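> Just a sequence and a predicted model for now, questions to come.
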Amino acid sequence: MEEITVKKTVKSGITFGSALAMVISYTTWHSVGWAIFHGLLSWVYVVYFVLRY
């Protein structure tokens with residue numbers, strides 16, 4: 001039972017990270033291509049953006 005909860009949490013975290021990365025990217029660069037690329041990077045781009053800016 002606990003394993004299922006962990007999997008759902010991880011999946012929703014990845015989805016949220018991708019969405020957040022795409023919104024930050026599009027707002028910053030105004031490019032759909034970059035938004036898709038940064039969405040694939042997910043939390044990596046979000047952490048980079050927070051540390052950089």
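The structure has been received and is ready for your questions.
> switch to C-alpha atoms for all contacts and neighbour counts from now on
Fine.
> what about the helix or strand hosting residue 16, average pLDDT?
Using DSSP states H and E, residue 16 sits within helix 2-29. When the per-residue pLDDT values of helix 2-29 are averaged, the result is 82.
> so what secondary structure elements neighbour that helix?
Secondary-structure packing of helix 2-29 (3 or more C-alpha pairs under 8 Å, 6 or more residues apart in numbering; DSSP states H and E): helix 32-41, helix 43-52.
> Can you tell me which of those helices is most buried?
Neighbour counts (mean count of other C-alpha atoms under 10 Å) averaged over each of these peak at helix 32-41, with a mean of 18.
> Please save the CA atoms from it in PDB.
This file holds the C-alpha atoms of helix 32-41, laid out as PDB (Å, rounded to 0.1, in the frame of the first residue of the first chain):
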ATOM      1  CA  VAL A  32       7.700  27.400 -27.100                       C
ATOM      2  CA  GLY A  33      10.700  25.400 -28.200                       C
ATOM      3  CA  TRP A  34      12.700  26.400 -25.100                       C
ATOM      4  CA  ALA A  35       9.600  25.800 -22.900                       C
ATOM      5  CA  ILE A  36       9.300  22.200 -24.200                       C
ATOM      6  CA  PHE A  37      13.100  21.600 -23.800                       C
ATOM      7  CA  HIS A  38      13.100  22.900 -20.300                       C
ATOM      8  CA  GLY A  39       9.900  20.900 -19.500                       C
ATOM      9  CA  LEU A  40      11.800  17.800 -20.400                       C
ATOM     10  CA  LEU A  41      14.500  18.800 -17.900                       C
END
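> quick one: contacts of it?
Taking C-alpha atoms under 8 Å, 6 or more residues apart in numbering as the criterion, the residues outside helix 32-41 that touch it are 17, 18, 19, 20, 21, 22, 23, 24, 25, 26, 45.
> dump the residue contacts of the third one.
With C-alpha under 8 Å, 6+ apart as the criterion, the residues that contact residue 19 are 39, 42.
> swap in the fifth one?
For residue 21, the contact set (C-alpha under 8 Å, 6+ apart) comprises 35, 38, 39, 41, 42, 43, 45, 46.
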